[in-house]
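Got a predicted structure here, sequence first:
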Amino acid sequence: MTTTSTSAALAGSLMRAEINEQQSAFERWADIGGLVSTDLIESIRKFQPSMVLTVARGTSDRAADYGKYLLEILLGIPVGSTSPSTVTLFGAAPRAQGVLALAISQSGESPDIIAEATALRAGGAFVVAVTNSPNSPLASCANAVMDISAGREKSVAATKSFTAQCAALADLSFALADLPLDRRAIAQAVAQAVKSPLPSEAAGLLGAAVDRAKFLICIGRGPCTPIASEGALKIMETSGLPALSYSAADFAHGPRTLITADVPVVIVAPPGNFGDSMTELIKDISDAHAPLVVLGDRHRAHFTIPTQLSDPLTAPMEQVISLQRIALDLALHLGCDPDNPRGLTKVTRTL
């Protein structure tokens, strides 16, 4: 085997291994009963937050958006996203009394996330660092730490750390709401998503389409919206391919004009009756003969990847596995190495 062919054979091997690791990671998560301690839940309840703010960038920000849906739906507490540049570039001093701040970072090393978390704590917030690095600078500046315990992530494209962040935020949200979380069912659905041949087949369909269109569209609804955004981000990271992301509601306000027979679309639909709001959109895109992949149950589309979980709040943790696998195989179809995206590094030190 030549050096070139050896390199091609190894392309994406790290990302693929880390996608596969998620099966055992979710099994461990189910075995240990979650990633959030009783002490942390009691501390947050004692603090009695009136609102939640998230501090995150990139993939971690998509996990934060997923947590936003859970917290607002289960607890009725409004959740907002901070803009760290207001602190790092403009010297703002946030007044954060009564705020639960969730600072989410795989590495815990990004200077702007650390600066914002520090400023929020100084302003009265209870800061929780959600990180894969419990001894990081971010963890040191927080009131409490949620260690997502994903293990070292070697591929630049985050996969297992993202789902671990989502699992931790689900633990936090369901525990604060005093509701049971069926971790075993989630772990079983993740295992099936890791092994299914359907995402690879979907990537082949999309690959043929993007060769013509040169971009694609990802659409979600409710808690599936940040999952669609994460899928688009993974495709952009690994393929250098423009991937536009929208909620189904926002898509109706103009971007819907992008749909033609040449533009590939990925839809992440919530399971159950919540998915009914997507039915008309799926029909319209199908009628336009656009190459369409739908992640969700009970929908007729050109290509469907069924969702095993019936809870619209937890199904996104299953669906994102399929999107990660689509991003990986699409990158390989386009001749890219998803482990080494052009211009990206594992730790992004934004200011």
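Thanks, I have the structure now.

what's the burial count for the spatially closest residue to residue 175 that is not a sequence neighbour?
Closest residue to residue 175 apart from its sequence neighbours, by CB to CB, 6 or more residues apart in numbering: residue 41 at 5.0 Å. All C-beta atoms are positioned from the backbone trio N, CA, C, and that covers glycine. Residue 41 is flanked by 15 other residues according to other CB atoms under 10 Å.

The residue nearest to residue 45 when sequence neighbours are not counted: what's it in contact with?
Leaving aside its sequence neighbours, residue 45 sits nearest to residue 176 (CB to CB, 6+ apart; 7.2 Å). Residues in contact with residue 176 (CB atoms under 8 Å, 6 or more residues apart in numbering) are 41, 44-45, 71, 74-75.

Adding pLDDT and distance to residue 110, write these out as CSV.
Listed next are these as CSV, based on pLDDT from 0 to 100; distance: CB to CB, whole Å:
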residue, pLDDT, distance to residue 110
41, 98, 27
44, 98, 24
45, 97, 29
71, 98, 23
74, 98, 28
75, 97, 27
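
Distance of residue 95 relative to residue 102?
18 Å (CB to CB, to the nearest Å).

Looking at those two, which has the bigger crowd around it?
Between residue 95 and residue 102, counted using other CB under 10 Å, residue 102 has the larger neighbour count: 29 against 11.

before we move on, the earlier item: return a ChimeraX selection command for the buried portion of the contacts of residue 176.
Of the contacts of residue 176, the buried ones go into a single ChimeraX selection, burial set by 16 or more other CB atoms under 10 Å:
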select :44,71,74
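
which among the contacts of residue 176 gets closest to residue 151?
Set against residue 151, the nearest of these by CB to CB is residue 41 (24.5 Å).

and the closest one, which of the three is it?
helix (DSSP: H, G, I helix; E, B strand; the rest coil).

What pLDDT is listed against the residue nearest to residue 45?
On the pLDDT scale, residue 176 is placed at 98.

Likewise for the one 3 residues further on?
Predicted confidence (pLDDT) for residue 179: 98.

Is the closest residue to it other than its chain neighbours part of a helix or strand, or is it coil?
Distances taken as CB to CB, 6+ apart place residue 74 nearest to residue 179, at 6.6 Å, with adjacent residues excluded. Taking three-state DSSP as the rule, one finds residue 74 in the helix state.

need the contact list for residue 74.
Residue 74 sits next to 173-174, 176-177, 179, 313 when contact means CB under 8 Å, 6+ apart.

before we move on, back to that, residue 177 is in contact with the residue nearest to residue 175, correct?
No - applying CB atoms under 8 Å as the test, residue 41 and residue 177 come out as separate, 10.5 Å apart.

element containing residue 246, please.
Using DSSP states H and E, residue 246 sits in strand 243-247.

ditto for residue 168
helix 160-176.

Would you indicate which residues of whichever helix or strand comes after that helix are buried?
If you walk from helix 160-176 toward the C-terminus, the next helix or strand you reach (DSSP H and E) is helix 183-195. For helix 183-195, a neighbour-count test (16+ other CB under 10 Å) marks 183, 185-191, 193-194 as buried.

again, but for stretch 274-289
Per 16+ other CB under 10 Å, stretch 274-289 contains these buried residues: 274-275, 278, 281-282, 285-286.

Where is pLDDT lowest across these?
Least confident entry in the buried residues of stretch 274-289, by pLDDT: residue 275, with 71.

quick check: angle from whatever helix or strand residue 331 lives in to helix 183-195?
Applying DSSP H and E as the criterion places residue 331 in helix 315-333. Interaxial angle, helix 315-333 versus helix 183-195 (axes from the mean of the first three to the mean of the last three CA atoms, to 10 degrees): 20 degrees.

With only the CA atoms kept, save helix 315-333 in PDB.
This file holds the C-alpha atoms of helix 315-333, laid out as PDB (Å, rounded to 0.1, in the frame of the first residue of the first chain):
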ATOM      1  CA  ALA A 315     -34.500  11.700  21.300                       C
ATOM      2  CA  PRO A 316     -32.000  14.400  20.100                       C
ATOM      3  CA  MET A 317     -29.200  12.400  21.900                       C
ATOM      4  CA  GLU A 318     -30.000   9.500  19.700                       C
ATOM      5  CA  GLN A 319     -30.500  11.600  16.500                       C
ATOM      6  CA  VAL A 320     -27.200  13.400  16.800                       C
ATOM      7  CA  ILE A 321     -25.300  10.100  16.500                       C
ATOM      8  CA  SER A 322     -26.700   9.600  13.000                       C
ATOM      9  CA  LEU A 323     -25.800  13.200  12.100                       C
ATOM     10  CA  GLN A 324     -22.200  12.700  13.300                       C
ATOM     11  CA  ARG A 325     -22.000   9.600  11.100                       C
ATOM     12  CA  ILE A 326     -23.500  11.400   8.100                       C
ATOM     13  CA  ALA A 327     -20.900  14.200   8.500                       C
ATOM     14  CA  LEU A 328     -18.000  11.700   8.700                       C
ATOM     15  CA  ASP A 329     -19.000   9.700   5.600                       C
ATOM     16  CA  LEU A 330     -19.900  12.800   3.700                       C
ATOM     17  CA  ALA A 331     -16.500  14.300   4.300                       C
ATOM     18  CA  LEU A 332     -14.800  11.100   3.100                       C
ATOM     19  CA  HIS A 333     -17.100  11.100   0.000                       C
END
